[in-house]
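Engineer: my questions are about this predicted structure, shown below with the sequence.
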Amino acid sequence: MAQRAAISIAQMGALPPKSVLPFGTRPIQDWLALSGKGLVDPWANPFQVLDSGTFVAELRLPLPRGKVLINLQTNQGVQRSFAVFVGPDGALSLLHREGAKLLRASLPAFPASSAEAGRLTYYFDSAKGNWTLRLSSLTGSAPLAAAQGTGAIAFANRDAEDICKKGNFDPTVLWFGFSRSMDVPRAAPWIGLRTVVDTSLGPVAAGNLKAGDVVMTADRGPQSLRAVHYMELPARGSFAPILLRSPFYDRRGDVLVSADQRLVVSGSAAEYLFGTEAVLVAAGDVVDGRTALAEDRRAVVSAVSLDLGGAALIGDAAEGELALAVGDFAQTCDAPLMCLNSYETVALMRMLGRIVTKVA
């Protein structure tokens with residue numbers, strides 16, 4: 001196959017404004033508002049009320065005592081307050097005021113944890129009046145502390161936006177946001193908008209793809225896109241994306257992907273260790289501080305996931321392009337290629353001369 005010329009983003013077409021998505025692109029996300037951005041749903045009505053949902057914040061541990069972590073006070077007709085703070089005794093509290101309504105939810109002081117970061121979740125249902133506050137380690141399943149009570153207050157979408165966009169927060173806070181779901185939206189595989197995808201019409205930036213475009217896959221040939229799912233997601237803490245550096249992974253440029261996005265690693269090292277020429281590894285497992293980096297410089301990332309109606313590989317590794325897994329096995333790993341566990345990826349990377357470091 002003839003060597004392909006490097007393709008610039010300009011040659012692939014400018015990316016559309018975030019508020020104007022290509023026809024056939026669907027925004028799918030439970031996130032309503034995120035810190036550093038405000039509302040992330042372009043169709044959200046600022047005056048609509050969020051009767052139930054979840055407030056999520058990821059925090060560095062241990063928490064500083066006697067400190068306000070997140071704070072917003074407004075008095076535009078009605079006094080509104082929202083704050084997360086740690087008392088002198090180490091108790092973590094959330095305060096929400098809406099006019100005469102006031103809620104204070106508190107967690108008791110909890111034993112010191114060896115974890116470097118934790119997740120605070122506040123589930124609220126104003127119709128039922130119930131709330132639950134929980135602090136968990138990012139690396140453990142059991143909560144460090146939990147409490148529940150009554151008197152939950154609804155949030156207007158504009159209040160959630162103001163808290164995320166205008167609220168003051170301490171460096172202890174990695175990120176925070178509001179979800180419509182009564183659970184924390186799970187991370188899912190995605191690729192950045194500038195990722196180059198080969199189509200029947202030539203290379204196209206992933207952010208410009210739309211339903212009906214024909215994508216050239218490495219294992220199934222030309223495949224029509226059923227849908228392109230557009231997302232705006234947190235880009236710090238446990239949601240921090242991975243930057244795969246050029247030319248180590250793709251000669252055409254750096255590629256931004258989620259930590260759980262699977263990519264193809266092939267060659268003699270894979271064959272020696274696992275008896276197969278190519279394997280799938282999670283992007284978060286190849287971070288070495290040089291060829292792959294945990295990228296946390298942005299608060300929110302725009303991304304897409306591609307629906308080809310089934311599992312597929314995109315990208316031609318033989319041509320120096322990054323080969324990625326998209327579709328069903330991106331999460332289940334039910335694929336023709338072997339999916340490596342984290343410890344197996346460490347061994348493979350070591351054999352390739354790359355020392356994997358811990359993802360932040």
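Structural biologist: Okay, I see it. Model, not experiment: these values are computed from the prediction.

Engineer: where in the stretch 101-250 of the chain is pLDDT low?
Structural biologist: Residues of the stretch 101-250 of the chain meeting the criterion pLDDT under 70: 141, 187.

Engineer: please enumerate the helices of it.
Structural biologist: 157-166 (DSSP state H, counting those that start in this stretch).

Engineer: and the strands in it?
Structural biologist: Here the stretch 101-250 of the chain has its strands, by DSSP state E, counting those that start in this stretch, at 101-107, 117-125, 130-137, 143-150, 155-156, 168-169, 173-179, 191-192, 196-199, 202-205, 214-217, 221-224, 227-234, 242-244.

Engineer: now do the first one: distance to the chain's middle.
Structural biologist: When you say that, I think you mean strand 101-107. Relative to the chain's own centre, strand 101-107 is displaced by 29 Å; criterion: Cα atoms, centre = their mean, to the nearest Å.

Engineer: returning to what we had before: turn the strands of the stretch 101-250 of the chain into TSV, including mean neighbour count and distance to S305.
Structural biologist: Backbone N, C-alpha and C define where each C-beta goes, glycine included. Output for these, formatted as TSV (neighbours: other Cβ atoms under 10 Å; distance: least, Cβ to Cβ, whole Å):
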stretch	mean neighbour count	distance to S305
strand 101-107	16	34
strand 117-125	21	23
strand 130-137	19	26
strand 143-150	15	30
strand 155-156	21	28
strand 168-169	16	29
strand 173-179	24	18
strand 191-192	24	7
strand 196-199	21	12
strand 202-205	18	15
strand 214-217	19	13
strand 221-224	14	15
strand 227-234	21	5
strand 242-244	23	15
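
Engineer: which of those sits closest to L308?
Structural biologist: Of all the strands of the stretch 101-250 of the chain, it is strand 221-224 that lies closest to L308, at 4.7 Å by Cβ to Cβ.

Engineer: partners of that closest one, with directions?
Structural biologist: Strands that pair with strand 221-224, judged by DSSP bridges, come out as strand 214-217 (antiparallel).

Engineer: returning to what we had before: indicate which one of the strands of the stretch 101-250 of the chain is closest to L92.
Structural biologist: strand 101-107 (4.5 Å).

Engineer: most centrally placed residue in this structure?
Structural biologist: F239 (3.9 Å; Cα atoms, centre = their mean).
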